[in-house]
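Colleague: sequence? don't have it. structure:
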DNA sequence: TTAGCTGCAAAAAGTTTGCAGTTCC
DNA sequence: GGAACTGCAAACTTTTTGCAGCTAA
């Protein structure tokens, strides 16, 4: 990733990168798609299709602009998924897939507490992944595009809580 | 993992390990639960709740034993999830969570082709993960229990196919 | 201009809830 | 015996499909 200074410009960077990927692939850059990209690039958490719809339409209603349809959200996410723009996770331990902007995922890893379902995204030094990537390319002639590394366990807070009970 | 000789005894090993976790946690070991454990421990792929139901009841009908209910499958998977017995993945790139026996995940990694949705589980030498585990424990005081490492990309077969088009 | 995208309506599939009856410990 | 689990029925939510109209390139 290029060097980015502030949080605001970082968000802009993600949006523009996604827009570029859309254009390069021949897909159209429409208002609903831009709204989804904008939301995902500013979001700190991953979002369910329902949350995406509600967030976008909340903003739209405030600005009196056109709301979007739930069906479009599904279709947009499908398209983004095929382009590798987004990723899906299960932060709640349930059955609903939440979406994550993929270029934000870079060399991140999600740590997910199975007690409180708090999910945190942490940076990992790149050299930890290099051998893994190498291994997969060598042994499987498989070209890695995105990754989803999620570690489930217990966070400090919940361990303390367990000790009391 | 202990040393295991044949494929059959390996499956048995998984089943017994899961059963033990159930007992230790105070949960009851019932027939529907055992059926789910058995299925997951022999399955090569991860399975959706629907697939689990159908597989189990197919076997039950052949043997003229009691079939189980879809609702029970959901409740069993919920319970197993809370105990960390299973994991969930999105092998199809869709919205349906598929379940994976967790003790089988050990030091495996899923490689998932975004073109053909073929998912393969491969072994990775343990020493590639060690630094990662260490890093997380050190920096986050987070105790890893399970992990889900999924790498999306393009398999050799689909790359060849793309070149033709 | 037109291929691709969206919105609307409706159907299909998946998931949850409540409760009575059963099973395991 | 009692707590935990299951099955059944029904409600609820999520996801998909078809089609007509719109829009970015």
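Modeller: Ah, there it is. As the structure is a computational prediction, the values presented were derived from the model and not from experiment.
Colleague: going along the chain, name the strands of chain A.
Modeller: Per DSSP state E, chain A carries strands over the ranges A:86-89, A:98-101, A:108-113, A:119-123, A:143-154.
Colleague: kindly reformat those strands as CSV containing distance to DNA strand D.
Modeller: C-beta: built from backbone N, CA, C; applies to glycine. What follows is these, written out as CSV (distance: least, CB to the nearest atom of the strand, whole Å):
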stretch, distance to DNA strand D
strand A:86-89, 10
strand A:98-101, 10
strand A:108-113, 19
strand A:119-123, 18
strand A:143-154, 17
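Colleague: adding mean neighbour count and distance to DNA strand C, write those strands out as CSV.
Modeller: Supplementary listing: the strands of chain A in CSV, determined by neighbours: other CB atoms under 10 Å in any protein chain shown; distance: least, CB to the nearest atom of the strand, whole Å:
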stretch, mean neighbour count, distance to DNA strand C
strand A:86-89, 23, 13
strand A:98-101, 24, 13
strand A:108-113, 20, 17
strand A:119-123, 14, 18
strand A:143-154, 20, 18
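Colleague: how about those strands in CSV, adding mean pLDDT?
Modeller: Shown next, in CSV, are the strands of chain A (pLDDT from 0 to 100):
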stretch, mean pLDDT
strand A:86-89, 76
strand A:98-101, 70
strand A:108-113, 72
strand A:119-123, 71
strand A:143-154, 72
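Colleague: and chain B, is stretch A:11-27 touching that?
Modeller: No: contact of stretch A:11-27 with chain B (CB under 8 Å from any CB of the partner chain) is absent, the minimum separation being 13.0 Å.
Colleague: average pLDDT across that stretch?
Modeller: The predicted model gives stretch A:11-27 an average pLDDT of 88.
Colleague: is stretch A:68-80 anywhere near DNA strand D?
Modeller: Yes: with CB under 7 Å from any atom of the strand as the criterion, DNA strand D is reached by stretch A:68-80 at A:70, A:71, A:74, A:75, A:78.
Colleague: filtering these by proximity to chain B, which remain?
Modeller: With respect to chain B, and counting by CB under 8 Å from any CB, no part of the residues of stretch A:68-80 next to DNA strand D is in contact.
Colleague: so which one among the residues you listed has the lowest pLDDT?
Modeller: In terms of pLDDT, residue A:78 ranks lowest among these, with 90.
Colleague: hang on, the earlier thing: got CSV for the strands of chain A, with distance to residue A:18 too?
Modeller: Compiled in CSV, the strands of chain A are given as follows (distance: least, CB to CB, whole Å):
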stretch, distance to residue A:18
strand A:86-89, 9
strand A:98-101, 7
strand A:108-113, 17
strand A:119-123, 18
strand A:143-154, 13
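Colleague: chain B: which of those is closest?
Modeller: Closest approach to chain B among the strands of chain A (CB to the nearest CB): strand A:143-154, 4.3 Å.
Colleague: sorry, back to before: neighbour count and distance to residue A:51 added to the residues of stretch A:68-80 next to DNA strand D, as CSV?
Modeller: As requested, these are exported to CSV (neighbours: other CB atoms under 10 Å in any protein chain shown; distance: CB to CB, whole Å):
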residue, neighbour count, distance to residue A:51
A:70, 13, 11
A:71, 10, 16
A:74, 14, 13
A:75, 13, 17
A:78, 14, 17
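Colleague: in helices only, show me those residues.
Modeller: Members of these lying in helices (criterion: DSSP state H): A:70, A:71, A:74, A:75, A:78.
Colleague: as JSON lines, those residues with distance to residue B:111 would be great.
Modeller: Written out in JSON lines, the entries for these read as follows (distance: CB to CB, whole Å):
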{"residue": "A:70", "distance to residue B:111": "32"}
{"residue": "A:71", "distance to residue B:111": "32"}
{"residue": "A:74", "distance to residue B:111": "26"}
{"residue": "A:75", "distance to residue B:111": "27"}
{"residue": "A:78", "distance to residue B:111": "21"}
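Colleague: could you pick out the longest helix of chain A?
Modeller: Residue-count comparison of every helix in chain A, with assignments taken from DSSP H, identifies helix A:7-25 as the longest.
Colleague: name the helices or strands packed onto it?
Modeller: helix A:31-42, helix A:102-105 (3 or more CB pairs under 8 Å, 6 or more residues apart in numbering or on different chains; DSSP states H and E).
Colleague: okay, buried residues for that helix please.
Modeller: Burial within helix A:7-25, assessed by neighbour count using 16 or more other CB atoms under 10 Å in any protein chain shown, is assigned to A:11, A:13, A:14, A:15, A:17, A:18, A:21, A:22.
Colleague: and the gap between the fifth one and residue A:80?
Modeller: Residue A:17 sits 13 Å away from residue A:80, taking CB to CB, to the nearest Å as the criterion.
Colleague: ditto for residue A:62
Modeller: With CB to CB as the criterion, residue A:62 and residue A:80 are 25 Å apart.
Colleague: now swap in residue A:37 and tell me
Modeller: To residue A:80, residue A:37 is 8 Å away according to CB to CB.
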